[in-house]
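**Student:** with the sequence up front, the predicted model follows.
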Amino acid sequence: MAAFDYVALDPTGKEKKGVLEGDSPRQVRQSLRDKGFTPLSVEQAKEKKGGLGLSFSFSGRGSISTPDLSLLTRQMATLVQSGLPLEEVLNAVAHQSPKPSIKSMMLAIRSKVLEGHSLANALAEYPGAFPKLYRSTVAAGEHSGHLDSVLESLADYVERQQMAVRKIKMAAIYPVILSLVAIGVVVFLLTTVVPDIVEVFDTSKQELPPLTNGLIVVSDWIMAYGQYLAIVLVLIIFMIKFQMSKSEGFERKVHQVLLKLPLIKRIVQGADISRFTSTLSILTSSGVPLVESLSISSEVMQNRVLREAITVTSEKVREGSSLKRALEQTGRFPPLMLYMVASGETSGELENMLKRTAEQQERELESLISTLVGLFEPLMLLFMGGIVMVIVMAIMMPLMSMNTLVN
């Protein structure tokens, strides 16, 4: 049976959309008529294009948000562990989803499984929703006969990634809001308060101090060209992103610069290494060969320079080198990570040491971000205080001079 998307009119004349399983569109139409619906269109469920947003996917169609993927994987893991046949698991997950797009996708995957395809091959119909990492791990679980534990590990992995992204975004919200408020206050003072004060000085015909003249020049410039400056900055950011998406060479240069900036390097490197080691851990523990695991794990890294380093590492491991030595020769990874990998290779517990490395990198990254956010607030307050003090001094100095002349 296949899954079909339908559009129909209910008995009250309202348009309804949904998904039904059937052997043919004709059978689905008859089922709708039996329920009192008037079918308008019935089409076999296909991959749907989705927005990127917080998508777990790297590319492709049928993308799915990370929270949805996390919930879906956790539901499958729980139902498989309970002993239900796979087709019943997929059917239950499909009907538990409140989103028609996910329901349609899961029913289509179930249809593939009923036709004799493996779950990994059925998931491959939706590469945007289930990337190579996900499908390879599921395939390894099917081959080893431990699909339940593999799905449980995948659910934990997706939830950890979701939590990490959420923590970083939550940590970034406060500094961004504080920065916008600070910029707004300064612009308001320079475009509203300062011009009113300047009119008083113009009528007095007195000579103004250099600080006041400088403030007037800045105020006039912002009022005349401020909006153009904002547009130019937005265009520059847009052009950089556009150029990075079109030119791999330009993107690599930008990523290389990021790895040379002291604090930015630690954040970029920490986030990518955490994702890489966590992914490599789950793949190797699921039975995926190390060389293939390295190739798949490199896809989760955002920085192109680090991704290329893993590609080189994979080639060296394929040639017979140890993982620790191959990583060390790239010169892109911290000593503690190399030590943990060497320890795992020696003890035969590489996946456990990789998992510990990922957790250690996550803790370091969270600590660094918390420290930066903690320092940002007093520094921003000092900056704002300095700006306001300069504006007040520039206004008060000529007022005091006028008061002295009057006396």
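**Tutor:** Looks like it arrived, so ask away.

**Student:** in the host helix or strand of residue 312, what counts as buried?
**Tutor:** Secondary structure assigned from DSSP states H and E places residue 312 in helix 304-318. Going by neighbour count (16 or more other CB atoms under 10 Å), the buried part of helix 304-318 is 304-310, 313-314, 316-317. (Each C-beta comes from the backbone N, C-alpha and C, glycine too.)

**Student:** so how far is the helix or strand just after that helix off the chain centroid?
**Tutor:** Moving toward the C-terminus from helix 304-318, the next helix or strand (DSSP H and E) is helix 323-330. Centre-to-centre, helix 323-330 and its host chain are 28 Å apart (CA atoms, centre = their mean, to the nearest Å).

**Student:** the following helix or strand past helix 323-330 to helix 323-330, inter-axis angle?
**Tutor:** Counting by DSSP H and E, the next helix or strand C-terminal to helix 323-330 is helix 335-347. On the basis of axes from the mean of the first three to the mean of the last three CA atoms, to 10 degrees, helix 335-347 is oriented at 150 degrees to helix 323-330.

**Student:** averaged pLDDT, helix 335-347. What do you get?
**Tutor:** Across helix 335-347, pLDDT averages out at 90.

**Student:** and that helix, how far from the chain's centre?
**Tutor:** The answer for helix 335-347 is 29 Å, by CA atoms, centre = their mean.

**Student:** and the very next helix or strand once past it, what other elements does it pack with?
**Tutor:** Using DSSP H and E, the helix or strand that follows helix 335-347 in sequence is helix 350-406. Using 3 or more CB pairs under 8 Å, 6 or more residues apart in numbering; DSSP states H and E as the contact test, the elements touching helix 350-406 are helix 147-188, helix 194-204, helix 210-246, helix 262-285, helix 335-347.

**Student:** and those helices, which is most packed in?
**Tutor:** For the helices and strands packed on helix 350-406, the largest average neighbour count (mean count of other CB atoms under 10 Å) is found in helix 262-285, namely a mean of 21.

**Student:** list the helices and strands it packs on?
**Tutor:** Contact here means 3+ CB pairs under 8 Å, 6+ apart; on that basis helix 262-285 packs against helix 132-144, helix 147-188, helix 248-258, helix 290-297, helix 304-318, helix 350-406.

**Student:** would you mark the buried spots in the first one?
**Tutor:** Okay, so that is helix 132-144. Of the residues in helix 132-144, 132-142 count as buried by neighbour count, 16+ other CB under 10 Å.

**Student:** what is the nearest of the residues you listed to residue 175?
**Tutor:** Minimum distance to residue 175 across the buried residues of helix 132-144 is 31.5 Å, recorded for residue 133 (CB to CB).

**Student:** and for the residue nearest to the closest one when sequence neighbours are not counted, the neighbour number?
**Tutor:** Nearest residue to residue 133, sequence neighbours excluded (CB to CB, 6 or more residues apart in numbering): residue 296, at 5.2 Å. By other CB atoms under 10 Å, 21 other residues sit near residue 296.

**Student:** lowest-pLDDT helix or strand in the protein?
**Tutor:** helix 194-204 (a mean of 69; mean pLDDT, DSSP states H and E).

**Student:** can you list the helices and strands packed on helix 350-406 in CSV and add distance to residue 396?
**Tutor:** CSV is the format used below for these (distance: least, CB to CB, whole Å):
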stretch, distance to residue 396
helix 147-188, 18
helix 194-204, 10
helix 210-246, 9
helix 262-285, 37
helix 335-347, 55
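
**Student:** switch the helices and strands packed on helix 262-285 over to JSON lines; also include distance to residue 196 and mean pLDDT.
**Tutor:** Shown next, in JSON lines, are the helices and strands packed on helix 262-285 (distance: least, CB to CB, whole Å; pLDDT from 0 to 100):
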{"stretch": "helix 132-144", "distance to residue 196": "60", "mean pLDDT": "80"}
{"stretch": "helix 147-188", "distance to residue 196": "12", "mean pLDDT": "80"}
{"stretch": "helix 248-258", "distance to residue 196": "44", "mean pLDDT": "88"}
{"stretch": "helix 290-297", "distance to residue 196": "60", "mean pLDDT": "86"}
{"stretch": "helix 304-318", "distance to residue 196": "51", "mean pLDDT": "91"}
{"stretch": "helix 350-406", "distance to residue 196": "10", "mean pLDDT": "80"}
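
**Student:** and residue 70, which of the ones you listed is closest to it?
**Tutor:** The minimum distance between residue 70 and the helices and strands packed on helix 262-285 falls on helix 147-188, with 4.4 Å, by CB to CB.

**Student:** next, the angle helix 210-246 makes with the closest one.
**Tutor:** If you take the same axes, to 10 degrees, helix 147-188 sits at 150 degrees to helix 210-246.

**Student:** who's in contact with residue 83?
**Tutor:** If a contact means CB atoms under 8 Å, 6 or more residues apart in numbering, then residue 83 has no contacts.

**Student:** that one sits in which helix or strand?
**Tutor:** Under the assignment here (DSSP H and E), residue 83 is part of no helix and no strand.

**Student:** surely residue 64 meets residue 99?
**Tutor:** No. Residue 64 lies out of contact with residue 99 (CB atoms under 8 Å); the separation is 9.1 Å.

**Student:** who has more neighbours, those two?
**Tutor:** The neighbour comparison of residue 64 against residue 99 (other CB under 10 Å) goes to residue 64, with 24 against 11.

**Student:** buried stuff in stretch 96-114?
**Tutor:** 97, 101-114.

**Student:** inside strands: which ones of the residues you listed?
**Tutor:** Judged by DSSP state E, strands contain none of those.

**Student:** farthest pair within these?
**Tutor:** 101 and 114 (20.7 Å).

**Student:** neighbours of residue 332, just the number please.
**Tutor:** Using other CB under 10 Å, residue 332 has 19 other residues around it.
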